[in-house]
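In: With the input below, show me the fold.
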Amino acid sequence: MPAVNVLIVQNLNVDIELFIMSKLELIPVEDIKITKGMTTDQLLRSMGRAGGFTAQKLADATDIAEAMVKNKDCLRILSFPACIMATGTRGVIVDMVKNGLVDLIITTCGTLDHDLSRTFAEYYKGDFMMDDEMLREEYEISRLGNVLVPDECYGAVLEDRLLPMFEEIFADTQSMTTYEIIDAVGSRLDNEDSLLYQCHKRKVPIVVPGITDGSFGCQLWMYYQTHRKLRIDLFGDEQMLSEITNNAKSTGAIIIGGGISKHHVIWWNQFRGGLDYCIYLTTAEEYDGSLSGARIREAVSWGKVKSDAKKMTVEGDATISLPMIYAGLVERL
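Out: Numbers count the residues shown, from 1 in each chain. Predicted coordinates:
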């Protein structure tokens, strides 16, 4: 019996190889030709014809994003970590919401912190190699990569602004979901550059599963010190995510980075059979078994992404890849 099994496997391998060879389509690699006045979309399409490793992936991801956006029956989800909001790529995310390309956001608490801080104050350009001891002791500045965040532009801003808002928001209720709290804060802003404001305006829910892991959550905890009946309705968040994904005819996601926000996207989609469109933008490696580094093919094994989904993992810095993809979409749409 073992010998028969080996023979079957061997024959199966041969059949697969013959099938692959019979279906193989040879497409010539074309050189990229940069011309004056070339648009981002033209460059992306040229990269798609050029091979070029990640260049090919970026071009394919743009095609997938286009198909996802053009599918009017698709629930379009955007997931990202907080760090990207401290950079100018925040403007890309805000613009995607303004132009109706996003139906749901799942992110981390720091996204709220940076969006609010930058709504009321300024962040500054720095360098990865700056003297961190000097920044702290002489200037009271925190460094986030190559972005500088002065203390007066972060903690103090949130303390001064959020607690008065919470007094108003919780005046008539003692329990709210994270997306309801965030929407209520967004409704009290009047700044076109603010993600919270634009999501409120366009009715795009922002869910933050780890709401206490940041300054926004810390201010909720501070409010809780004098309002002990306050409850954050996390089950209400999960109920909404369950209903919105299960009721969707199809779902798609652009997932930047990893962690809790990434997992929440793919977790709830497994209960409807998986995502129909999926793009990962990541700098993480998969050899350590982390969720951040896990490729889409691993999510397929869990049923979180459909095996026949339009899907692509793009390795690299999302502050490069996301603006490129979005610029291509703007020209196509």
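
In: For the stretch 1-150 of the chain, which segments count as strands?
Out: 74-80, 104-107, 124-125, 141-144, 147-150 (DSSP state E, counting those that start in this stretch).

In: The second one packs against which elements?
Out: Using 3 or more CB pairs under 8 Å, 6 or more residues apart in numbering; DSSP states H and E as the contact test, the elements touching strand 104-107 are strand 74-80, strand 206-207, helix 259-270. Every residue, glycine included, has its C-beta placed from N, CA and C.

In: Out of these, flag the one nearest residue 67.
Out: strand 74-80 (8.8 Å; CB to CB).

In: Paired strands for that closest one, with orientation please.
Out: Paired neighbours of strand 74-80 in the sheet (DSSP bridges): strand 104-107 (parallel), strand 250-256 (parallel).

In: Using a markdown table, lay out these together with mean neighbour count.
Out: Shown next, in a markdown table, are the strands paired with strand 74-80 (neighbours: other CB atoms under 10 Å):
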| stretch | mean neighbour count |
| --- | --- |
| strand 104-107 | 26 |
| strand 250-256 | 25 |
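
In: among these, which is nearest residue 224?
Out: Taking these one by one with CB to CB, strand 104-107 is closest: 22.1 Å.

In: average model confidence for the closest one?
Out: Taken as a whole, strand 104-107 carries a mean pLDDT of 98.

In: what sits up against it?
Out: Strand 104-107 is contacted by residues 75-82, 97, 199, 204-209, 241, 244, 261, 264-265 when judged by CB atoms under 8 Å, 6 or more residues apart in numbering.

In: hmm, try it at 7 Å
Out: When contacts are defined by CB atoms under 7 Å, 6 or more residues apart in numbering, strand 104-107 is touched by residues 75, 77-80, 82, 199, 204-208, 244, 261, 264-265.

In: do the same with stretch 316-333
Out: Applying CB under 7 Å, 6+ apart, the contact partners of stretch 316-333 are 39-41, 44, 54, 58, 61-62, 65-66, 69, 84, 87, 89, 92, 96, 256, 281, 283, 314.

In: Kindly report the same for stretch 115-128.
Out: 85-86, 90, 143, 145-149, 153-154, 157-158, 161, 189, 191, 193-196.

In: List buried residues within those.
Out: 85-86, 90, 143, 147-149, 153-154, 157-158, 161, 189, 191, 194-196 (16 or more other CB atoms under 10 Å).

In: now the longest strand anywhere in the chain: mean pLDDT?
Out: Counting by DSSP state E, the longest strand found in the chain is strand 305-315. The average of the pLDDT scores along strand 305-315 is 98.

In: what lines up beside that strand in the sheet?
Out: strand 275-282 (parallel).

In: how about the helix or strand that comes right after the strand it pairs with: buried residues?
Out: Sequence-wise, the next helix or strand downstream of strand 275-282 (DSSP states H and E) is helix 296-302. Neighbour counts over helix 296-302 (16+ other CB under 10 Å) mark 296, 299-300 as buried.

In: again, but for stretch 302-311
Out: So, applying 16+ other CB under 10 Å, buried residues of stretch 302-311: 304-306, 309-311.

In: same thing with stretch 214-232?
Out: Buried residues in stretch 214-232, counted by 16+ other CB under 10 Å: 214-220, 223, 230, 232.
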